[in-house]
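# turn this into a model:
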Amino acid sequence: MEEVGTFIRGKRFVRTDIVEKGISCIHYGDMYTYYGLSANKTKGMLRSDLASKMRYAQKNDVVIVAAGENKDDIGVGLAWLGDEPAAVHDACFIFQSDMYPLFVSHYLRTDIYHKQIRKYVSEAKICSISAKGLGNAVIPVPSFERQQSIASLLDKFESLVNDLSEGLPAEIVAVQEQYEYYRNKLLTFKRKS
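The predicted model follows:
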């Protein structure tokens, strides 16, 4: 990856620096709990007085988490598609390249990629990886148009899977209610007087 892009480490800020109004920011913890493959809006805002000290993801950069509770969490990416820059936490890297950001984001969730970077993860109470470790990962580089096409297909598939994940429980509840309705109708007999 280091041959096709540049890694820039974010800058340190803490949860208490996150406020209701300020500058857009991406905290590493939210990479696991809030964000998916891409975002154009951040969950949090950082105190404005910290603006000059931060490093920012620009539109079409990929934010890669570099710290986590276990080595399997490391390396997940988020394509930043927001028009405004977003301050990035120091437990993340900003990956800047000419690659299609959603293609990169999808690739950063593959087993092939994670198998490559696991050997570079330092394990301790909090696991971490360096830019050099991430840079050692090999990423396919098809034409830009092909990257867009692949990402588009994967986006559609992910959307379908999410729709099923959300839709199936609702469908199961509806079928259960329908079953109970007909069961009650079929098993309710009028008494002969």
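
# what residues go with each domain of the chain?
Domain segmentation of the chain under automatic domain parsing yields 5-140, 142-188.

# for the chain, give me the ranges with low pLDDT.
Regions of the chain meeting the criterion pLDDT under 70 cover residues 162-169, 179, 182-193.

# which ones are touching the nearest residue to Gly135 once chain neighbours are set aside?
Counting by Cβ to Cβ, 6 or more residues apart in numbering, the nearest residue to Gly135 once its immediate chain neighbours are dropped is Glu2, at 3.0 Å. Quick note: C-beta positions are derived from backbone N, CA and C, even for glycine. Shown here is Glu2, whose contacts under the criterion Cβ atoms under 8 Å, 6 or more residues apart in numbering are 131-132, 134-136.

# Leu81: which of those is nearest?
When the contacts of Glu2 are compared for distance to Leu81 (Cβ to Cβ), Leu134 comes out closest, at 20.8 Å.

# list the contacts for the closest one?
Counting by Cβ under 8 Å, 6+ apart, Leu134 touches 1-2, 7, 64, 66, 75, 93, 95, 117, 120.

# each with direction, which strands does the helix or strand harbouring Ala87 pair with?
Remark: Ala87 resides in strand 86-88, with elements defined by DSSP states H and E. The sheet places strand 86-88 alongside strand 23-26 (parallel), strand 56-57 (antiparallel), with pairing taken from DSSP bridges.

# ok so, going back, out of the contacts of Glu2, grab the one that's most surrounded.
Counting by other Cβ atoms under 10 Å, Leu134 has the largest number of neighbours within those, with 24 neighbours.

# ok, the nearest residue in space to Val141 that is not next to it in sequence - contacts?
Leaving aside its sequence neighbours, Val141 sits nearest to Val4 (Cβ to Cβ, 6+ apart; 5.9 Å). Neighbouring residues of Val4 by Cβ under 8 Å, 6+ apart: 97-99, 139, 141.
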